[in-house]
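> What follows is a predicted protein model with its sequence.
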Amino acid sequence: VFGGLVIDQFTQKRERPDSRTMIGSGKLEQMRWAIGVGEIDTVIFNDRLSPRQNVNLEEALGVKVIDRMQLILDIFAMRARSHEGMLQVEEAQLNYLLPRLVGQGIMLSRQGGGIGSKGPGETKLETDRRYIRTRIENIDKALKKVEKTRENIRQKRSKSGIFRIGLIGYTNAGKSSIMNALVGLDKEQYEQNELFATLDATTKAVKLVEDFTVSLTDTVGFIQNLPTELIKAFKSTLEESANVDLLIHVVDASNPHHEIHEQTVLKIMEDLKLTNIPVLNVYNKMDIAPSDFLPTLSPSLQLSIKSESGVQWLKTAILEKLHELFDAFELELPYEKAYQLPELRKSALVQSVVEGEKGYLIKGLIAPELSWKLPNN
């Protein structure tokens, strides 16, 4: 079963990591003693270990040693549900393990339970480098096909005349809860109080007011120092965030490290070239946030998406944001073309419809990129 109980924690300040074991000999001795006293079977390093450091540490400590990257990969492997997600995780795992196949060192097969045991070795892959490289090539080809399909879906979505909203934020900030609350009907999006609960990009239609409909996309949550292997493996999934008209940046207000999380997300947004997309900052989980909480991002909205009032506040805030982004329009729709009005209400915020001599006089707001949807344009 995946999971672990934290028995002890160690930190060390050094000018530079030890090339052999990452930490100094004195700290290594402290850890060896703690392992014996606490019956510890796994040691996790928050830094990235080289293959040689990994081997040396396991020999010195006598227990399984994994680093931050392997821990994240193990969690991803547990969370992946779609075929694409599983392929992305396997590719990242194989790229991570390939340089570690030195001599008779770390083997792919890790049949034991617990942290560090969820890997591609469970599919009994051989440790031959050529076989692994071939497998990586095959995964690349499969993912390119999936990416092509995803791109076709994006193009159809962009031509459909629907305003697109994307959820973005640090892992476990509550993005999936927000999606479920806004969708309202079918609680299909998986949500749990856990890291990386959602790996696969999911898009749903959401009615904000009357018939006005937008698409809402939820993707994988970000983390500090997001490994480059994961950015590469989840490239097509992360790019879903780049194909939206508005981003909702969700922050867990109850997390004491929320400011660090905010900066992490902003940095990744910069790396993914998302800084030109309008953003609505939302501080979630205010029901369990400290009483003296103060937001650091402005402007922002503070709420608990688990409450009915929180859902309504968010919908109102989104509509207010759309009023800022949309252009005003006025048009006359002939009575014989009245059948076009319901379709217009789906793509635009219709504010008034008045009967005139020859047709309906309509006023409203619409996204500039969707102005082609207006009748007679």
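Everything's here; your move. The model shown is predicted, which means the values in this text are computed figures rather than measured ones. Residues are numbered from 1 along each chain as shown.

> which residues of this structure score low on pLDDT?
1-3, 79, 81, 101-128, 150-151, 153-160, 185-201, 220, 225-240, 377 (pLDDT under 70).

> Now do the strands in it.
Assigned by DSSP state E, the strands in the chain fall at 42-45, 64-67, 163-169, 202-209, 212-218, 246-252, 279-284, 300-302, 327-334, 349-355, 359-366.

> want to try JSON lines for the ones you listed, with mean neighbour count and distance to N54 as columns?
Using the backbone N, CA and C atoms, a C-beta is placed for each residue, glycine as well. JSON lines is the format used below for those (neighbours: other CB atoms under 10 Å; distance: least, CB to CB, whole Å):
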{"stretch": "strand 42-45", "mean neighbour count": "18", "distance to N54": "9"}
{"stretch": "strand 64-67", "mean neighbour count": "21", "distance to N54": "6"}
{"stretch": "strand 163-169", "mean neighbour count": "24", "distance to N54": "32"}
{"stretch": "strand 202-209", "mean neighbour count": "17", "distance to N54": "35"}
{"stretch": "strand 212-218", "mean neighbour count": "21", "distance to N54": "34"}
{"stretch": "strand 246-252", "mean neighbour count": "24", "distance to N54": "32"}
{"stretch": "strand 279-284", "mean neighbour count": "23", "distance to N54": "37"}
{"stretch": "strand 300-302", "mean neighbour count": "18", "distance to N54": "42"}
{"stretch": "strand 327-334", "mean neighbour count": "14", "distance to N54": "57"}
{"stretch": "strand 349-355", "mean neighbour count": "14", "distance to N54": "56"}
{"stretch": "strand 359-366", "mean neighbour count": "18", "distance to N54": "56"}
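
> okay, the ones you listed in TSV with distance to D292 next?
Formatted as TSV, the strands of the chain follow (distance: least, CB to CB, whole Å):
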stretch	distance to D292
strand 42-45	33
strand 64-67	36
strand 163-169	22
strand 202-209	33
strand 212-218	31
strand 246-252	16
strand 279-284	14
strand 300-302	13
strand 327-334	41
strand 349-355	38
strand 359-366	38
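
> To Q9, which of those lies closest?
strand 42-45 (9.8 Å; CB to CB).

> Tell me the strands beside the closest one, with direction?
According to DSSP bridges, strand 42-45 has the following sheet partners: strand 64-67 (parallel).

> what residues are up against the closest residue to E330 other than its chain neighbours?
Nearest non-adjacent residue to E330, counting by CB to CB, 6 or more residues apart in numbering: K363, 5.2 Å away. Shown in contact with K363 (CB atoms under 8 Å, 6 or more residues apart in numbering): A328, F329, E330, V350, Q351, S352.

> what about 10 Å?
A328, F329, E330, L331, V350, Q351, S352, V353, V354 (CB atoms under 10 Å, 6 or more residues apart in numbering).

> Run through the bridge partners of the second one.
According to DSSP bridges, G364 are recorded as the beta-bridge partners of F329.

> measure it to K64 for me?
Separation of F329 from K64 (CB to CB, to the nearest Å): 64 Å.

> For stretch 251-258, C-alpha coordinates in PDB please.
Extracted as PDB, the C-alpha positions of stretch 251-258 are listed here (Å, rounded to 0.1, in the frame of the first residue of the first chain):
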ATOM      1  CA  VAL A 251      -4.500  29.100  -3.900                       C
ATOM      2  CA  ASP A 252      -5.000  27.100  -0.700                       C
ATOM      3  CA  ALA A 253      -5.400  29.800   1.900                       C
ATOM      4  CA  SER A 254      -5.200  27.300   4.700                       C
ATOM      5  CA  ASN A 255      -1.600  26.200   3.800                       C
ATOM      6  CA  PRO A 256       1.000  28.100   5.800                       C
ATOM      7  CA  HIS A 257       3.300  28.000   2.700                       C
ATOM      8  CA  HIS A 258       0.800  29.500   0.300                       C
END
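
> rewinding a little: tell me how far the residue nearest to E330 lies from F329.
For K363 relative to F329 (CB to CB), the value is 7 Å.

> and for those two, which residues touch both?
Both K363 and F329 are contacted by V350, Q351, under the criterion CB under 10 Å, 6+ apart.

> Strand 202-209 and the lengthiest helix in the chain, what's the angle between them?
Identified as the longest helix of the chain according to DSSP state H is helix 129-159. Calculated by axes from the mean of the first three to the mean of the last three CA atoms, to 10 degrees, helix 129-159 forms an angle of 20 degrees with strand 202-209.

> Show me what helix 129-159 is packed against.
helix 83-97, strand 163-169, strand 202-209, helix 228-233, helix 235-238 (3 or more CB pairs under 10 Å, 6 or more residues apart in numbering; DSSP states H and E).

> If we go by neighbour counts, what in the longest one is buried?
Looking back up the chat, that one is helix 83-97. Of all the residues in helix 83-97, those buried under the rule 16 or more other CB atoms under 10 Å are 84-97.

> Now tabulate the residues you listed in a markdown table and tack on distance to T11.
A markdown table is the format used below for those (distance: CB to CB, whole Å):
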| residue | distance to T11 |
| --- | --- |
| E84 | 38 |
| G85 | 34 |
| M86 | 35 |
| L87 | 37 |
| Q88 | 32 |
| V89 | 30 |
| E90 | 33 |
| E91 | 33 |
| A92 | 27 |
| Q93 | 28 |
| L94 | 32 |
| N95 | 29 |
| Y96 | 25 |
| L97 | 28 |
